[in-house]
Structures are given as C-alpha cells and as structure tokens.
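Undergrad: Next come a sequence and a model predicted from it.
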Amino acid sequence: MRAVAAAPSNIAFVKYWGNLDPALRLPYNASLSMTLSAATTRTEVVFDPALDADEIVIDGRPAAPEAAARASAHLDLIRARAGHGHRARVASANSFPMGTGIASSASAFAALTVAACAATGLALDERSLSALARRGSGSAARSIPDGFVLWHSGADDESSYAESIAPPEHWDLCDVVAIVSREHKAVGSGGGHGAAPSSPFFAARQHRLPERLEAIREALLAKDFERFGAAVEAESYELHAIAMTSRPPLLYWTPATVALLHLVARWRAEGLSAFATLDAGPNVHVLCEARRAQDVVAALESLDSVESVLVNRAAPGARVVEAQS
Ligand code: DP6
C-alpha cells in the first residue's frame, strides 16, 4: 500500500477568493490557471496497519501540528472512500519555498490525493480526483489536470472540479516568479477566503467575474498576449483590492513587491511586454511569452530585492510516479 505522486503548483489568471461553502470548499466563483513546470511537490504515501497515527514529514521535517492535522483530515476522506482505517506515513518534498505566494497547498494536496488514492487502490477518474483534491485546498483542484485549467465553481461536491481547456503545448507562455521573500507568510489564504465577503467591493468583483473569465479564456485560447496579460493583471489588482479592504485588511505586498509592480509597468512602456499577477503572498509572477523570458529573467536577476527567479512553462498535471498496492 505505497505510492509516490508528483504534482505541479499553478498560477491563477482568474483567482479563487472566498468560499460559498467553507467546509466543502465550494468557491464563490470559477477560476482559471496554468500548471507550473518548475514548482512541484513529490509525495510518498505508505498506509501501514502497524501505525497508530499518521506521520507527516514535509521537506525532511515533521509537519507543524496544523499542517499535519489538515493532511490527516484529507487522508480521512480517502480512507472513508477506500473503506479502511490504516494510518499513513507521508513524506513530501517541494521544489520551491512553502508559504510565499507560490501555491504550495495546491501541489501538496494534489500530490497527496493522487498518491493516497493510488496507494490504497482507489481508481478515481480525473474529475473525481480534482473534486477530492479541492477538499484539501481549493486551488489543488486545478493542479490535477494538464496545462491550462478551468475550475467550475459547481453547486455541490461533485460538480466543483477542474478540467483542462488546453494542453501545456498550446501556448509557450512563461510565468517568471520573482521570489522576494522566503519567509512564511503571516496570513495564509484561509483567512483571506473567510474575510473576502466583508470587503465592500466583493459583490462588484463577483458581478464582473463571469465576463472577465470569458475574456481571459478567449484571449488565452487565441494566444493574444496583450489582451490576456492586461486582463490578468487587472484581475490580480482587483483581488488584492478585496484583500486590502476586507475586515481584517490583508496586505500581502512588501516594498519589494510594489517596486516590482512599478518596474513591470515601466518595462511595458519601454517595449518589453510583460504583466504581473500575485497570489496571497509578496512574490511577483511576471507573465511573458517565451521569446521574452530571457530578457525578463536577466532584468529580475539584476535586482538586489530579488532572491531568486523561477521560470515556469505550462506543465502536465498530477500523476502517479510509483505504485504498489
Ligand atoms: C490567491 O487554494 O490556497 O492563490 O482552499 O484555503 O487552501 P485554500 O486556499 P488556496 O487559495 C488560493 C488563493 C489564491 C488564488 C488562486 O490560486 O486561485
């Protein structure tokens, strides 16, 4: 009863922010993303009848109590479906720093879901795996399918899942992540989802989102980078406006974040086409076409405020790497 799975993180072009049903993680809105080739989690799960409790190790260290409890709760869902109560040994390794605005919970829960299901012999299709991963972390639903992915908000557990709208090779879009901080963020996205509806602008964002999603989806399918980038950047600013005006207010940006946002706008004025988007953290995801990636990387690497740079293309979704059930 052992399996290893690998899963990519993802960057949302239309973001998930707020849950209609927090227990089931049914989001207020549909979202759209790209899986990330250079930001992955590899997870081994071994169900062992001799264990009294789950043992969760992340990046070589026992998981903090809150993270361990969240992983165990997710394993409980899988144990209930598989019809056994065996505890598990879980070892997870990330290719990128956790808790910094690269969605580590997305790749973590996608890899945990796929490895645990394979280890226990549960053969679920992609849609069911995506819905199940969503229960662990909403954005994990989008790390199951390949490439460019749409998460249908859905009305219940089964109808809230993600699917691919285009394969990784559809577009050579790059997400160049400028890591300005490796510190674990003080407020995770969980608090943000809860606070989101308290923003006076939340309803306005929700009202506009279906049209916004359609525009971004069309630009993505047409590979119209200027139209796509402008709409994605605007959507990111709207999400952060909601976060900043929630009760309590959430400000994920640091001075380095703000400087980079100004810089990306200046590059555009100077003819280097790139757009910025941010998740719930200070690092800046700079989107560009592959032919501009070297220029973007060189410019970011020359800045003192940037600790490292991660270049991502669209990638395949979560998959089993090894299994013995
Ligand atoms: C800003 O998926 O991390 O990155 O369901 O509580 O685990 P939980 O939230 P999470 O939220 C991601 C928020 C976001 C936007 C996005 O990825 O869509």
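TA: Happy to help now that I have it.

Undergrad: and the stretch 101-250 of the chain, which residues reach the ligand?
TA: Selection of the stretch 101-250 of the chain residues close to the ligand by C-beta under 6 Å from any ligand atom yields 103, 105, 106, 137, 138, 139, 189, 190, 193. In this view, the C-beta of every residue, glycine as well, is placed from N, C-alpha and C.

Undergrad: Spatially nearest residue to the third one, not counting backbone neighbours?
TA: Okay, so that is residue 106. residue 139 (4.0 Å; C-beta to C-beta, 6 or more residues apart in numbering).

Undergrad: Surely residue 191 and residue 250 touch.
TA: Yes: the criterion here is C-beta atoms under 8 Å, and residue 191 meets it with residue 250 at 7.0 Å.

Undergrad: Which one of those two is surrounded by more residues?
TA: The neighbour comparison of residue 191 against residue 250 (other C-beta atoms under 10 Å) goes to residue 250, with 21 against 15.

Undergrad: Tell me who's in contact with that one.
TA: 187, 191, 192, 195, 243, 244, 280 (C-beta atoms under 8 Å, 6 or more residues apart in numbering).

Undergrad: From residue 281, how far out is the fourth one?
TA: So the one you mean is residue 195. If you measure residue 195 against residue 281 using C-beta to C-beta, to the nearest Å, the figure is 16 Å.

Undergrad: Compare the two (neighbour count), which wins?
TA: residue 281 (26 against 21).

Undergrad: and that one, helix, strand or coil?
TA: When classified by DSSP: H, G, I helix; E, B strand; the rest coil, residue 281 comes out as coil.

Undergrad: For it, grab phi and psi.
TA: Main-chain dihedrals, residue 281, degrees, to the nearest 10: phi -170, psi 180.

Undergrad: got a list of contacts for the lowest-mean-pLDDT helix or strand in the chain?
TA: One helix or strand of the chain scores below all others by mean pLDDT, DSSP states H and E: helix 189-195, with a mean of 85. Outside helix 189-195, the residues that touch it by C-beta under 8 Å, 6+ apart are 16-19, 22, 105, 138, 243, 246-248, 250, 279-280.

Undergrad: cutoff 10 Å now
TA: Helix 189-195 is contacted from outside by 15-19, 22, 25, 27-28, 66, 70, 99, 101, 103, 105, 137-139, 187, 196, 202, 239, 242-243, 245-250, 252, 279-281, using C-beta atoms under 10 Å, 6 or more residues apart in numbering.
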